[in-house]
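Student: Provided below for reference: sequence and predicted model.
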Amino acid sequence: MEVAYDFEDVIDDLIILRSGPEQSKVGNWERFLVLIGIHKKLELIKSNKIPALPRLPVQQVHSASPTNDSIEERVWSDIFVIGGQSVANTVVSPVAEKVSALLSQGAIHPITKKAAMRVLDKLRSLNPFLKGLDSVELDDSGMVWTEELSHVCLSAVTAINHKAVIDHFTLGVWTLDGYRLLLRGKDNIVESELLAVGRNYEEEMQRLNASFIKNRSLIVLDHSYFPYEMLQGLQDTLNGSRMILTGTKTWLPPNLQMKSDPHPLRLRTDEESWALFTHALKTSIPSELRKLKNEIAKRCGGLPLLIVKLAEKLSHKDATVEEWSTVLQQFNHDQQQLWSNTLYKIHNELSLYMRRCLFYFTLFPQDFDIPTRRLIVLWFAEGLVQPEGDNETPEDVAERCLNLLIAQGMVQLTKKKLNGNVKMVRLPDVLRQYWLSKSQQATFLGVHTNTRSELSLGTNKVRRLIDHLDKEDISFYHIHGDCNTTSTSLTPYYEGVLSFLSFDTRKESKPGEEAGNFLRRCISSDCFLWLLVLDLENVFRPKLPEAIGKLTQLGYLGLRSTFLETVPSSISKLHNLQTLDVKHTSIKTLPNSIWKLQQLRQLYLTESSRSKLMLQHDATFPSTLQTLCGLYIDEETPIRDSLDRLLRIRKLGLTMSCKQGVMSLQPLALAYWVLKLNQLQSLRLKSIDENNQPWELELKPLVSLVNLSYIYLLGRLRNPSIMSQFPYSLTDLTLSGSGLVEDPMRSLEKLPNLRSLKLLAKSYLGKKMVCLLGGFPQLRVMKLWKLEQLEEWNVEKGSLQALRFLEIRFCTSLKLLPTELPDIPLLKIEVIPTQV
């Protein structure tokens, strides 16, 4: 009976291989693994000794014309087809031939020749498994992983034996196989073997550590080969040694976690893409062609293989705008096969909720850089993400989801914050076009995009209305046409709309008038009553109707950068509103009725407009509020027994205005309120006088706020001793106008997780700064601006070893840079000596 079941397994696997493109979407690498599995199963069936093997999931198609509900569960990709060449020729031969050619040409370093020959023997041993299976074929997309595999196998060894690396790192260490290492010195090679944990193991580890301490080393290890004990045994050194640890997970033992900088194989940013492109082009680029920089970066979507292939194509063309533009246009139509692995992972490894989050990118315009804060609140407002534990918020889930999509190469990171966090993202154009071609079949989107909408009255109703100013979209005339369209004629289209996003960024009065009129007509005809999202960010002064209070299901009202001066008082009726964003507007006062919004979680106000809230001591505040940014506080703003009842704040940003010569209890009340915010993650405080100049800032020690990672302080610190009482969780610190007279480096360099430090105008008034040995272990970015008294800055060897970017502006008394700075690897320095 067991043998019968095993034959069923083999038949299932064969079905996967033989089925057509509409029945099976298994990738070529997976097909290869299935082939080997089939052969092994058949051999074991003969001996009637078959171990339990995991079965590959087979995607089921329920009907020839699937329903909308099944579209998202199906695999849509039609590029995983079989045809072209045999498995032996496409899988084994290319790698084997490349290794053989390199050996015969003497192109492989003598140190690794033995290992290369061993790899070649293993490749040749696969041939018996493939015998008799030549009828199974693969298309060209099956070559993508093969080419990448051969490059990865050789690139690490090639790099570690490069002359520049040998000159910088006197000792190179890399994996031979299993537990064996090769140690490359200047002139000699030593083989080390870590056979087992015991006397020999401990002696060998002591010998290795002695070598690492004595020599500046580059260590390249495969995490899958080397155990926890070996990694834990590596001792810390301050001689500039570096270790590259490859693996499928970012887990590290405690002794390496603090100083690690995970580098996932994500899509490259535009700047990184251009750097790789220019490197791969291997020729100078005329100035007139540099205007194609953005187009080249965006067309490649950050995919390294695509960037290199484009550079190879252009290197054989004349360096003219016309020639390059032609290649770019042709290249754009032939990319999908290079994204086959990504498409496979999307369909087979992503959960439904993560796929929906990914599809949401198609609502934005092509090549649009999406702020992460905007994307996360939109996902949350539409209910696409839900917390999984009591201590987790939907924002946490959304951020984790976005980071996973980036790590999987499905979303392109386009801009980082100085502290390394994600600021802007984009969906690669090829993936965007692919999803748009499928989205009309999926009920989830139900969206007007930049293609002509084909809706029949009473059937296909819009769920997500997106205004891209596309005249081919039927909604364009409803929104931007004349107002003769009757309200009743809008009902069949928009009565079930869940989201309305406008990308009408024209800087004139029309966008606001047209958006306002459209909203008024839709609401009057009982449309938008199910609306969850109203996002008018960057629409110039939309005229919101008073009837907006009828949209009681609304969870997100985005009015950022609209330059609005007022909002309707009826917004207090939006009882389900969770996010209100009026940042970068001219709104100076919000009514006290805003606190009727008991579901409010995020409130963004305009710092520069001195946005105030009309507060009363007996006001009932929403207990759910987690973000309060841009608030302006003066003597009339009640803090004690009022604002200080908001205890779940995670992100706080406010400006306090004080009058010179007047004793006030407000600063102290603010300081004690901050201390009570145990969940606080981000703190931005400004203290100014009547002339908008920095004023005294009261703050208590923050060491108890263990979740606090970001601090921005503007104002003269009444209690400078807090510099030594910041929490260890701090990663980003900015000080301005602090008036410190003692060197702040002595305290700040002990913060183990600090990654970004900015000391701005008059934050430090002393003449000398010193960075001691081992200080600032994680610091990546440092900015020193307008420290006019600073004359001398000393950096001891072994300090600031992680620093990557240093910017010094207008420090007019500082004549010399520390002599140790040039020894810090990969450090970029910018100095602007005088103010223009």
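Tutor: Perfect, thanks for sending it.
Student: residue ranges with poor pLDDT in the stretch 151-300 of the chain?
Tutor: 151-161, 174-182, 184-201, 222-240, 247-264 (pLDDT under 70).
Student: for the stretch 501-650 of the chain, same thing?
Tutor: Within the stretch 501-650 of the chain, the stretches with pLDDT under 70 are 616-618.
Student: beta partners for K686?
Tutor: Using DSSP bridges, the bridge partners assigned to K686 are T655, L714.
Student: hang on, it packs against C658?
Tutor: No - between K686 and C658 there is no contact under C-beta atoms under 8 Å: 10.8 Å. No exception for glycine: its C-beta is placed from N, CA and C like everyone else's.
Student: Could you pull up the residues touching the residue lying closest to T589 once chain neighbours are set aside?
Tutor: Leaving out its chain neighbours, the residue that sits closest to T589 by C-beta to C-beta, 6 or more residues apart in numbering is K612, at 5.3 Å. Counting by C-beta atoms under 8 Å, 6 or more residues apart in numbering, K612 makes contact with K588, T589, L590, L631, Y632, D634, T637.
Student: For these, which ChimeraX command selects only the ones that are buried?
Tutor: Written as a ChimeraX command, the selection of buried residues from those, which uses 16 or more other C-beta atoms under 10 Å, is:
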select :590,631,632,637
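Student: Include distance to E546 and secondary structure when you put the contacts of K612 into a markdown table, please.
Tutor: Shown next, in a markdown table, are these (distance: C-beta to C-beta, whole Å; DSSP: H, G, I helix; E, B strand; the rest coil):
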| residue | distance to E546 | secondary structure |
| --- | --- | --- |
| K588 | 20 | coil |
| T589 | 17 | strand |
| L590 | 16 | strand |
| L631 | 26 | strand |
| Y632 | 26 | strand |
| D634 | 30 | coil |
| T637 | 28 | coil |
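Student: Determine which two of the contacts of K612 are furthest apart.
Tutor: Spatial extent of the contacts of K612 (C-beta to C-beta) is set by the pair L590 and D634 at 15.1 Å.
Student: What distance do you get for the closest residue to V582 other than its chain neighbours to Q337?
Tutor: Leaving aside its sequence neighbours, V582 sits nearest to L559 (C-beta to C-beta, 6+ apart; 5.0 Å). Look at L559 and Q337: by C-beta to C-beta, to the nearest Å, they are 43 Å apart.
Student: ok, the two, which is more surrounded?
Tutor: L559 (25 against 16; other C-beta atoms under 10 Å).
Student: wait, the more buried one sits on P542?
Tutor: Yes - using C-beta under 8 Å, L559 and P542 qualify as a contacting pair, with a distance of 7.5 Å.
Student: Name the residues contacting each of those two.
Tutor: Listed as contacting both L559 and P542 by C-beta under 8 Å, 6+ apart are L536.
Student: could you show me where the strands are in the stretch 601-750 of the chain, in order?
Tutor: 602-604, 612-613, 627-633, 651-657, 682-688, 696-697, 710-714, 716-717, 732-736 (DSSP state E, counting those that start in this stretch).
Student: Redo these as CSV? Include distance to Q725.
Tutor: Formatted as CSV, these follow (distance: least, C-beta to C-beta, whole Å):
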stretch, distance to Q725
strand 602-604, 29
strand 612-613, 31
strand 627-633, 24
strand 651-657, 18
strand 682-688, 14
strand 696-697, 15
strand 710-714, 12
strand 716-717, 12
strand 732-736, 13
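Student: hey, which of the ones you listed is tucked in deepest?
Tutor: Ranked by mean neighbour count, the strands of the stretch 601-750 of the chain are led by strand 602-604 with a mean of 24 (mean count of other C-beta atoms under 10 Å).
Student: L826 sits in which helix or strand?
Tutor: Assigned by DSSP states H and E, L826 falls within no helix or strand.
Student: how about it, what does it touch?
Tutor: Contacts of L826 by C-beta under 8 Å, 6+ apart are R804.
Student: Distance check, it against R809.
Tutor: From L826 across to R809, the span is 21 Å (C-beta to C-beta).
Student: Quick check: end-to-end length of stretch 689-703?
Tutor: With C-alpha to C-alpha, to the nearest Å applied, stretch 689-703 spans 28 Å between its terminal residues.
Student: What strand or helix carries I479?
Tutor: Applying DSSP H and E, one finds I479 within helix 474-480.
Student: Counting by contacts, list what the next helix-or-strand element following that helix packs against.
Tutor: Once the chain leaves helix 474-480, the next helix or strand it forms, by DSSP H and E, is helix 487-494. Contacts defined by 3 or more C-beta pairs under 8 Å, 6 or more residues apart in numbering; DSSP states H and E place helix 487-494 against helix 474-480, helix 509-524.
Student: quick one: helix 487-494 to helix 509-524, angle?
Tutor: Per axes from the mean of the first three to the mean of the last three C-alpha atoms, to 10 degrees, the angle that helix 487-494 makes with helix 509-524 is 90 degrees.
Student: quick one: buried residues of helix 487-494?
Tutor: L490, T491, P492, Y493, Y494.
Student: could you dump it to PDB, C-alpha only?
Tutor: Extracted C-alpha coordinates of helix 487-494, given in PDB (Å, rounded to 0.1, in the frame of the first residue of the first chain):
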ATOM      1  CA  SER A 487     -26.300  63.600  -9.000                       C
ATOM      2  CA  THR A 488     -28.500  60.700  -9.700                       C
ATOM      3  CA  SER A 489     -26.400  59.700 -12.700                       C
ATOM      4  CA  LEU A 490     -23.400  59.300 -10.400                       C
ATOM      5  CA  THR A 491     -25.100  56.800  -8.100                       C
ATOM      6  CA  PRO A 492     -24.700  53.600 -10.200                       C
ATOM      7  CA  TYR A 493     -20.900  54.200 -10.300                       C
ATOM      8  CA  TYR A 494     -20.000  55.500  -6.900                       C
END
